[in-house]
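Q: just coords:
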C-alpha cells in the first residue's frame, strides 16, 4: 500500500493527480468521506485515487473541480493520467492523434478505437484478459476526447465489410456499434466508407494502417503488430501508404452507400430495423 505521506508527485501523472487532489481537498477543509459524499462517491474511492491506487475518471474529476473550486485543474490533469496508462508502445500513437489535423485509417477486422463504443471497447480488450477492464476501457475511451477540441481532426475511415460482420461482444453490442458509426453520417469531419467484399483483391491486403497528417510536420504512417507499434516518417513509406489509401478510398463505397450497407448489416445480422 502506498503511504500518502510519502507519495511522490513527480513519480507519474497518476501520483501527481493524487497529490493535487489531496492538497485541494485539505485546503477545502474536507475529509475523504466528506468529499466522497459531496461527489456521490465513497470516501474509500477518494482515498484510493489520492494514493494512486485507482484511476480517476473524467466524471470524477469534473465533479471534484466544482466541489473544490479548482478551476478545472483535475479535469485537465486526468487527460495526462489516462494517456500515461496506455501501453508504453502505444503512447506515441495517442500523441499523434492529439496533434494530427487529419487521420486516415484503414481497418480490416474491427472498428478503429477512436470510433468504438464503450461496450465494444470492453469486448475487444476483454477477449483474452479481463484484468482491470474498467480502467483499461476508460483509458482507451479517453482518446476520443480529441473530438472535443476546438479544432478536432478530420477523420477518414475505410472499413472492411468484414469488420461489420465480425461479431465482437454480442448482437446488441454490434448493433449499438454500427448505430454509433451511422451517427456520424452528417458530420463532415468524420467520414466512413465501407470496402465491400465484392471488391476482391485490394490495396490494403497487407493489413490495417493509419496515416497521420499535421499542420506543419511530415506525415507519419503507423502499423501495429502484437504488442508493438511501428510509426514511420520515411518518405517512401508514407508515399506508398498514401497511394494505397487513395486506391482504397476509390474502391470503397460512397459515404451514402456505405451508410446504407451498415444499415443492412444491422438489420440482416443483428436484427435491428433502422428507418
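A: Nice, thanks for sending it over. Note that the coordinates shown come from a computational prediction; the quantities given were computed from them, not determined experimentally.
Q: the helix or strand of the chain with the lowest mean pLDDT pairs with which strands?
A: In the chain, the helix or strand scored least confidently by mean pLDDT, DSSP states H and E is strand 228-232, which has a mean of 85. With DSSP bridges as the test, strand 228-232 is paired with strand 220-225 (antiparallel).
Q: now the partner strand: buried residues?
A: By neighbour count on 16 or more other Cβ atoms under 10 Å, the buried set for strand 220-225 is 220, 221, 222, 223, 224. For glycine as for every other residue, the C-beta is placed from the backbone atoms N, C-alpha and C.
Q: about what we covered before: helix or strand right after the least confident helix or strand of the chain?
A: Once strand 228-232 ends, the next helix or strand along the chain (criterion: DSSP states H and E) is helix 235-251.
Q: run the angle between that next one and strand 228-232 for me.
A: 100 degrees (axes from the mean of the first three to the mean of the last three Cα atoms, to 10 degrees).
Q: centre of the chain to the next helix or strand after helix 235-251, how far?
A: Where DSSP H and E defines the elements, the next helix or strand beyond helix 235-251 is helix 255-270. Offset of helix 255-270 from its chain centre (Cα atoms, centre = their mean, to the nearest Å): 23 Å.
Q: list the buried residues in helix 255-270.
A: 255, 258, 259, 261, 262, 263, 265, 266, 270.
Q: what would those look like in CSV with distance to residue 77 and pLDDT?
A: Listed next are the buried residues of helix 255-270 as CSV, based on distance: Cβ to Cβ, whole Å; pLDDT from 0 to 100:
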residue, distance to residue 77, pLDDT
255, 38, 97
258, 39, 98
259, 38, 97
261, 42, 97
262, 37, 97
263, 41, 96
265, 41, 96
266, 39, 94
270, 39, 93
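Q: name the nearest of those relative to residue 136.
A: residue 270 (25.4 Å; Cβ to Cβ).
Q: for that closest one, give me its contacts.
A: Going by Cβ atoms under 8 Å, 6 or more residues apart in numbering, residue 270 touches 167, 171, 172, 174, 175, 178.
Q: what's the PyMOL syntax to select whichever of those residues are buried?
A: Listed next is the PyMOL selection for buried residues among the contacts of residue 270, using 16+ other Cβ under 10 Å:
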select buried, resi 174+175+178
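Q: out of the contacts of residue 270, which sit inside helices?
A: 171, 172, 174, 175, 178 (DSSP state H).
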